[in-house]
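Asker: sequence plus the predicted model coming up.
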Amino acid sequence: MALTSPPSKVRGSMVPLRGMQLLCCAAVVGVGVHVGVGLGHRTDTARVAMGAFEATHQGESAVDAALQAAGAGLSEISVVVRRNDTLDQIFRRLELSLADLADIRALDAARQALDRLRPGDLLTFFTRGEQLVGLKRPLSLSQTLHVERNDTDQFVANVEEVPLQRKVVTTGGTIESTLIAAGNMAGMREVTSLELAEVFRWDVDFALDLRVDDSFTLVYEQLLRDGEVVADGNILAAEFINDGKRYRAVRYVNAAGKADFYTPAGVSLRKAFLKSPMQLSRISSVFNPRRKHPVLNTIRAHRGVDYAAPTGTPVRAAGAGRLEFRGVKGGFGNVIEIAHAGKVVTRYGHLSRFASGLATGSRVEQGQVIGYVGMTGLATGPHLHFEYIKRGVFIDPQKAMRRGEPGPPVPASERGAFDLQTAPLLAELNARQSATGAALVAR
Ligand SMILES: [Zn+2]
């Protein structure tokens with residue numbers, strides 16, 4: 001019994017998930033690597049890979065079925081991979097034959113799928129007496145490696161594929177304490193709550209602006225395997241009501257295949273500047289042209305905003321630009337200055353240190369970590385002093401950042417496609433709201 005189709009063929013049709021979802025997979029099963037698109041196609045490929053195992057009944061893995069058929073005397077040992085574990089060490093720990101390990105490693109499919117172990121990965125070994133008769137390892141949400149000792153005492157390996165289904169669900173909630181808590185109540189995974197905050201990051205500062213009784217509605221995908229939810233997929237549409245103000249976003253995949261979030265009118269949610277260069281912090285001192293300086297004790301304009309945060313908290317570039325200055329500047333201590341389009345410069349002072357790999361002239365992306373909070377220069381405690389300077393004039397960053405230029409809208413040539421794609425999503429948001437409204441009236 002030999003397999004003809006290498007697993008790389010199966011895995012070739014996969015595309016990696018976005019960063020947030022990778023985290024999710026890693027957190028949920030410790031092994032999530034790939035989830036694909038084009039589910040129907042993958043089923044076919046998977047069937048080829050199943051090859052000799054095709055005779056087994058549906059919904060049950062080949063090895064499991066074979067092992068069940070082989071009857072009693074079988075032990076199952078589950079191993080969660082520890083830090084710095086190798087397969088050799090695990091085999092030694094379980095007192096399994098290293099000759100068997102060598103045989104398994106000689107199989108292309110198994111070697112590729114077993115080479116890189118990560119802490120938290122799950123391996124299941126099947127033994128009869130002292131003898132290893134099989135092992136399995138989930139490779140991703142939809143793929144599992146099976147190794148089995150066959151009738152002629154040879155190991156064979158295959159990658160089993162159980163395609164994931166996508167289900168669109170609508171949910172919603174009201175903030176009582178945190179966004180994460182409200183998301184949990186609404187059945188969302190934590191990554192999806194964080195993703196929701198990312199969708200609106202140009203309009204709502206979820207650290208500073210969140211209010212009790214803020215509410216959200218969300219249309220998103222759940223990924224199912226065998227009818228069971230194994231991960232959350234993309235957010236498709238979202239509404240966030242912050243302090244009485246309503247924000248809406250719909251996901252649109254453009255003609256080039258790139259996905260982004262827009263208002264229902266097709267305006268990009270992206271802005272030239274983030275709401276805040278800090279992710280989690282509080283404003284300890286606002287822009288004030290006549291402020292008594294806390295250290296010098298004289299009246300001196302405070303031409304920026306102070307964000308109090310522990311030393312070492314990452315500071316993000318408020319917008320894309322070019323690093324213009326990185327060094328010490330009097331009372332500001334360690335300073336970074338970034339030049340942006342439109343003759344705007346942003347300045348970040350009192351940093352404890354700079355992010356590595358940055359030099360004068362470096363290109364900086366919006367949101368990129370450029371340094372870390374500190375209290376170098378004249379400062380009474382660790383904080384970021386942040387300035388927004390346009391054509392040499394200091395502007396209150398809290399006001400300036402709200403006015404940032406939006407990203408490019410949906411082009412006119414794609415408006416038809418945009419409406420077609422987003423109309424059902426908006427209908428879903430609206431339906432949820434009428435349902436909530438009706439429930440409120442009924443109460
Ligand atoms: Zn300041």
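Answerer: Arrived safely. Just so it is clear, the structure is predicted and the values come from calculations on it, not from any experiment.
Asker: for the longest helix along the chain, give the mean pLDDT please.
Answerer: Longest helix in the chain, counting residues (DSSP state H): helix 415-442. Computed over helix 415-442, the mean pLDDT rounds to 81.
Asker: near the ion, which residues of the protein?
Answerer: Asp306, His385 (CB under 5 Å from the ion). All C-beta atoms are positioned from the backbone trio N, CA, C, and that covers glycine.
Asker: before we move on, back to that, now do the buried residues in the longest helix of the chain.
Answerer: For helix 415-442, the neighbour count (16 or more other CB atoms under 10 Å) marks Phe418, Gln421, Thr422, Leu425, Leu426, Glu428, Leu429, Arg432 as buried.
Asker: what sits against the closest residue to the first one other than its chain neighbours?
Answerer: For Phe418, the nearest residue in space outside its immediate sequence neighbours is Val410; the separation is 4.6 Å by CB to CB, 6 or more residues apart in numbering. Shown here is Val410, whose contacts under the criterion CB atoms under 8 Å, 6 or more residues apart in numbering are Tyr252, Asn254, Tyr262, Gly266, Ser268, Phe418.
Asker: what are the ranges of the helices in the protein?
Answerer: For the chain, applying DSSP H gives helices covering 7-11, 19-29, 39-50, 62-70, 87-93, 98-105, 108-114, 179-185, 190-199, 397-400, 415-442.
Asker: which residue of this protein lies farthest from its centroid?
Answerer: The centre of the chain is farthest from one residue, Thr298, which by CA atoms, centre = their mean lies 46.8 Å away.
Asker: closest point of the stretch 51-200 of the chain to the ion, which residue?
Answerer: Relative to the ion, the nearest point of the stretch 51-200 of the chain is Ala197 (26.2 Å; CB to the ion).
Asker: contacts only, for the residue lying closest to that residue once chain neighbours are set aside.
Answerer: Spatial nearest neighbour of Ala197, chain neighbours left out: Phe206 (4.5 Å); criterion: CB to CB, 6+ apart. With contact set as CB under 8 Å, 6+ apart, Phe206 has these partners: Leu179, Ala197, Phe200.
Asker: swap the cut-off to 10 Å and go again
Answerer: 175, 178-179, 193-194, 196-198, 200, 214, 240, 242, 275-276, 279-280 (CB atoms under 10 Å, 6 or more residues apart in numbering).
Asker: distance of the residue lying closest to Thr376 once chain neighbours are set aside relative to the ion?
Answerer: Of all residues not flanking Thr376 in the chain, Gly333 sits nearest, at 2.7 Å (CB to CB, 6+ apart). As judged by CB to the ion, to the nearest Å, Gly333 and the ion stand 11 Å apart.
Asker: wait, isn't Gly333 in contact with Gly374?
Answerer: Yes: proximity of Gly333 to Gly374 meets the contact threshold set by CB atoms under 10 Å, at 7.1 Å.
Asker: quick check: neighbours shared by the two?
Answerer: Joint contacts of Gly333 and Gly374 (CB under 10 Å, 6+ apart) are Gly349, His350, Leu351, Ser352.
Asker: from these, list the buried ones, please.
Answerer: Using 16+ other CB under 10 Å, the buried members of these are Gly349, His350, Leu351, Ser352.
Asker: between these, which is nearest Ala379?
Answerer: The shortest approach to Ala379 among these belongs to His350, at 4.8 Å (CB to CB).
Asker: that closest one: what's it in contact with?
Answerer: 306, 311, 315, 331-335, 371, 373-379, 381-386.
Asker: out of those, which are buried?
Answerer: The buried subset of the contacts of His350 - by 16+ other CB under 10 Å - is 306, 315, 331-335, 371, 373-379, 382-386.
Asker: just give the closest residue to the residue in the stretch 201-350 of the chain that the ion sits nearest to, not the sequence neighbours.
Answerer: Nearest to the ion in the stretch 201-350 of the chain, going by CB to the ion, is Asp306, at a distance of 4.1 Å. Distance criterion CB to CB, 6+ apart; nearest residue to Asp306, sequence neighbours excluded, is Ser285 at 3.8 Å.
Asker: mind pulling the model confidence for the one you found?
Answerer: Per-residue pLDDT puts Ser285 at 79.
Asker: likewise Gly227?
Answerer: On the pLDDT scale, Gly227 is placed at 89.
Asker: same deal with Pro382?
Answerer: pLDDT, read off for Pro382, is 95.
Asker: strands along the stretch 101-250 of the chain, start to end?
Answerer: In the stretch 101-250 of the chain, the segments counted as strands under DSSP state E, counting those that start in this stretch are 122-128, 131-138, 143-149, 155-161, 165-174, 215-225, 228-242, 245-253.
Asker: can I get those in a markdown table with mean neighbour count?
Answerer: Below are the strands of the stretch 101-250 of the chain laid out as a markdown table (neighbours: other CB atoms under 10 Å):
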| stretch | mean neighbour count |
| --- | --- |
| strand 122-128 | 18 |
| strand 131-138 | 21 |
| strand 143-149 | 23 |
| strand 155-161 | 24 |
| strand 165-174 | 16 |
| strand 215-225 | 21 |
| strand 228-242 | 20 |
| strand 245-253 | 18 |
